[in-house]
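In: Structure for the following, please:
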Amino acid sequence: MKKIFLMLSVVMFCGCATPPAQYDFESKETLTGSYDDVWSAVMETFAELNLSITTLEKDSGLVAAKAGGISENYSDCGKPGLYLSVGDRSVSFNVFVKSLDHETQKVTIASEYSAAVMEIMYGPKFSHMVWCNSTGLLEESMLASIKSKL
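Out: Predicted structure coming up:
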């Protein structure tokens with residue numbers, strides 16, 4: 001009897017879970033403009049999006065940032081299962097600016113998304129964290145914003 005109850009419990013909590021979907025999108029773009037102009041466009045984009053910069057290294061071309069409470073449109077965390085819900089989502093990402101020549105720069109965005117999973121059966125309670133996949137919307141909108149400033 002205990003084995004049947006255990007098996008039913010596992011099916012109830014995990015049976016409807018699905019993994020996050022994979023998305024195909026561009027996370028890099030080659031832009032025409034000086035390194036300083038592209039760097040300024042990156043900084044302006046970060047300011048407009050009100051992103052908290054954690055690392056800023058102009059000489060190496062790296063900007064790292066983190067953001068919490070992001071829209072579910074930016075990441076796919078799958079379905080966690082019965083009596084579970086995806087809660088707050090966050091992203092950490094690096095933007096790299098690499099000079100290809102005097103007037104050509106390559107901008108690459110690398111991102112990692114995660115979310116809190118909440119148990120909801122007896123009121124919301126933190127359960128665990130999950131990794132999510134990017135839908136590409138944030139990366140593509142950032143690249144478009146950077147490009148529009150050149």
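
In: Could you pull out the helices in the protein for me?
Out: With DSSP state H applied, the chain shows helices at 2-14, 35-48, 137-148, listed in chain order.

In: Which one of the ones you listed has the poorest average confidence?
Out: Looking at the helices of the chain, the lowest mean pLDDT belongs to helix 2-14 (a mean of 47).

In: With Pro124 as the reference, measure out to the residue nearest to Pro80 when sequence neighbours are not counted.
Out: Of all residues not flanking Pro80 in the chain, Val117 sits nearest, at 4.8 Å (CB to CB, 6 or more residues apart in numbering). (Each C-beta comes from the backbone N, C-alpha and C, glycine too.) Relative to Pro124, Val117 is positioned 11 Å away (CB to CB, to the nearest Å).

In: Touching both of the two, which residues are there?
Out: Common neighbours of Val117 and Pro124, counting by CB atoms under 8 Å, 6 or more residues apart in numbering, are Ser85, Gly87.

In: So for those two, which sits in the more crowded spot?
Out: Using other CB atoms under 10 Å as the criterion, Val117 and Pro124 rank with Val117 on top: 19 against 12.
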